[in-house]
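J.: sequence and computational prediction follow.
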There are 2 protein chains.
Amino acid sequence: MEVKDNPLSNAALHILLALAESNLHGYGILLAVKRQSEGQFKLGPGTLYANLDRLLAAGLVGETERRMKDGEKRREYHLTSGGEKALRAEIRRLQQIVATARGLGQLNKSVG
Amino acid sequence: MEVKDNPLSNAALHILLALAESNLHGYGILLAVKRQSEGQFKLGPGTLYANLDRLLAAGLVGETERRMKDGEKRREYHLTSGGEKALRAEIRRLQQIVATARGLGQLNKSVG
DNA sequence: GTCGATATATCATAATGTGATATATCAATA
DNA sequence: TATTGATATATCACATTATGATATATCGAC
């Protein structure tokens, strides 16, 4: 499981970031990622569910069965404390990369 | 070729970031990535050369044959203007993600 | 009544990542 | 002098991940 101590894949990062905002079901994650990334990151259903399976197995995301009033069930995903920790670590890693880029003269034109 | 308009993979990003600092041969990229990421990102030879091939094909990286004094040849890689542009775009994307994370209350404890 | 949005999921295929392995040179050092 | 570790370049098989077409179903709008 790559997810535990290594850098998160772009897809996993976006899923975690969406769940950091609020608990969501699958389709809600799709929409949240689209909104948060302003359409820049395209997450399809295949990538979404494959990542959710891995994130669940790694304990970064939890799942609750939501029973609707009409008996219909819906799955809701949420960030676990481990997932929050992983996300924070990833954001710090990203900040470090941005800082490194800032330290590079030729890149500073539109990066600052 | 995923590399052109989509988010860069972590490996591609680190390679570009290493080349933004200075022109390097393959082994030099390995060392530079290690140094820049403070050992956090592990780049093996397989990932390196596979990525270089793709980055060359996508025109983000260029290659020059360096002839040494003893006739030995060494390959040197450099960032093209397209690669610089792609790297800048990627850094902006990362900054946006960091900003989104910062906007999320529960994450702010150690992300600011 | 059919179209688009919501909602969940699987599948085959494609793209990527991994690290062991290979080869070779060089300098140090035991 | 033998061998070890760093430099340097690369390929390979295998594993992991991403992609988006496809499937199914409900719902409200038109």
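T.: Happy to help now that I have it. Numbering: from 1, shown residues only, chains lettered A, B, ... in the order given.

J.: use CA for all of it now, contacts and neighbours both
T.: Fine.

J.: in this structure residue A:30 contacts residue A:43, no?
T.: Yes - counting by C-alpha atoms under 8 Å, residue A:43 is a contact partner of residue A:30 at 6.4 Å.

J.: pull out the buried residues from the longest helix that chain A contains.
T.: Using DSSP state H to assign secondary structure, the helix with the most residues in chain A is helix A:81-102. By neighbour count on 16 or more other C-alpha atoms under 10 Å in any protein chain shown, the buried set for helix A:81-102 is A:83-84, A:86-95, A:97-98, A:101-102.

J.: could you identify the most distant pair in those?
T.: Checking the buried residues of helix A:81-102 against each other with C-alpha to C-alpha, the farthest-apart pair comes out as A:83 and A:102, at 28.4 Å.

J.: contacts for whichever strand or helix holds residue A:30 next, please.
T.: Taking DSSP states H and E as the criterion, residue A:30 maps to helix A:26-36. If you take C-alpha atoms under 8 Å, 6 or more residues apart in numbering or on different chains as the criterion, helix A:26-36 is touched by A:14-15, A:17-19, A:39-45, A:48-49, A:75-77, B:100.

J.: what subset of those is buried?
T.: Under a neighbour-count criterion of 16+ other C-alpha under 10 Å, the subset of the contacts of helix A:26-36 counted as buried comprises A:14-15, A:17-19, A:41, A:43, A:48, A:77.

J.: can I assume residue A:79 is in contact with residue A:62?
T.: Yes - under the criterion of C-alpha under 8 Å, residue A:79 makes contact with residue A:62 at 6.2 Å.

J.: looking at these two, which has the bigger crowd around it?
T.: Neighbour totals were compared for residue A:79 and residue A:62, and residue A:79 leads with 26 against 18 (other C-alpha atoms under 10 Å in any protein chain shown).

J.: give me the beta-bridge partners of the more buried one?
T.: Taking DSSP bridges, one obtains residue A:61 as the residues bridged to residue A:79.

J.: quick one: residues contacting it.
T.: A:16, A:19-20, A:23, A:60-62.

J.: now the lowest-mean-pLDDT helix or strand in chain A against helix A:81-102, angle please.
T.: With mean pLDDT, DSSP states H and E as the measure, the helix or strand of chain A carrying the lowest mean pLDDT is strand A:61-67 (a mean of 81). Direction vectors for strand A:61-67 and helix A:81-102, defined by axes from the mean of the first three to the mean of the last three C-alpha atoms, to 10 degrees, enclose an angle of 130 degrees.

J.: which residue comes closest to residue A:14 once chain neighbours are left out?
T.: Beyond its immediate neighbours in the sequence, the residue positioned closest to residue A:14 (C-alpha to C-alpha, 6 or more residues apart in numbering or on different chains) is residue A:33, lying 6.0 Å away.

J.: no more questions from me, cheers.
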